[in-house]
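Colleague: need a structure here:
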Amino acid sequence: MKYKKGDRVKIRTWESMEIEYGCVNIYKIAKIRVPNISFIMTTESFLRDNVSDRIVTIKDVRDEYYKIIEDNGWYKGQGWKWVDNMIEYSLEKKSKVISSLNRFSMLDIR
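Modeller: Numbers count the residues shown, from 1 in each chain. Got it, this is the predicted structure:
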């Protein structure tokens, strides 16, 4: 698992996961079979309607998946399972990279 409890991460879009993994319809439910788990259209709808900019907070790290704060109780009263392949990036890691780049841009090397 790449992320830890409390990390704020951005969830990938349906389109980006569909391009990488393809989409299947099982019992009229669209699913993207991300390794170890399925990303379903209900999950995508939840993100679109309830989560600003697809940014979520990891509340628990399990052996093979994460639980997030924002979907607490949404899916069967338990929330969904999230895996590394569904996450685009961590805000903490991205801000560290930007901070490092800003420090270099302040140097005037000629």
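
Colleague: residues contacting residue 80?
Modeller: If a contact means Cβ atoms under 8 Å, 6 or more residues apart in numbering, then residue 80 has 43, 46, 68, 71, 74 as its contacts. All C-beta spots, glycine's among them, are computed from the backbone N, C-alpha and C.

Colleague: of those residues, grab the buried ones for PyMOL.
Modeller: In PyMOL syntax, the buried subset of the contacts of residue 80 is picked out as below (16 or more other Cβ atoms under 10 Å):
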select buried, resi 43+46+68+71
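
Colleague: turn the contacts of residue 80 into JSON lines, columns for distance to residue 35.
Modeller: As requested, those are exported to JSON lines (distance: Cβ to Cβ, whole Å):
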{"residue": "43", "distance to residue 35": "16"}
{"residue": "46", "distance to residue 35": "21"}
{"residue": "68", "distance to residue 35": "19"}
{"residue": "71", "distance to residue 35": "20"}
{"residue": "74", "distance to residue 35": "23"}
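
Colleague: strands - which of the contacts of residue 80 land there?
Modeller: Among these, DSSP state E puts residue 68 in strands.

Colleague: what's the closest of the contacts of residue 80 to residue 5?
Modeller: residue 68 (10.5 Å; Cβ to Cβ).

Colleague: distance of the closest one from residue 27?
Modeller: 26 Å (Cβ to Cβ, to the nearest Å).

Colleague: same deal with residue 91?
Modeller: Relative to residue 27, and taking Cβ to Cβ, residue 91 is found at 36 Å.

Colleague: residue 59: which of the contacts of residue 80 is nearest?
Modeller: Closest approach between those and residue 59, by Cβ to Cβ: residue 68, at 5.9 Å.

Colleague: quick check: bridge partners of the nearest residue to that closest one once chain neighbours are set aside?
Modeller: Nearest residue to residue 68, sequence neighbours excluded (Cβ to Cβ, 6 or more residues apart in numbering): residue 56, at 4.4 Å. Beta-bridge partners of residue 56, counted by DSSP bridges, are residue 9.
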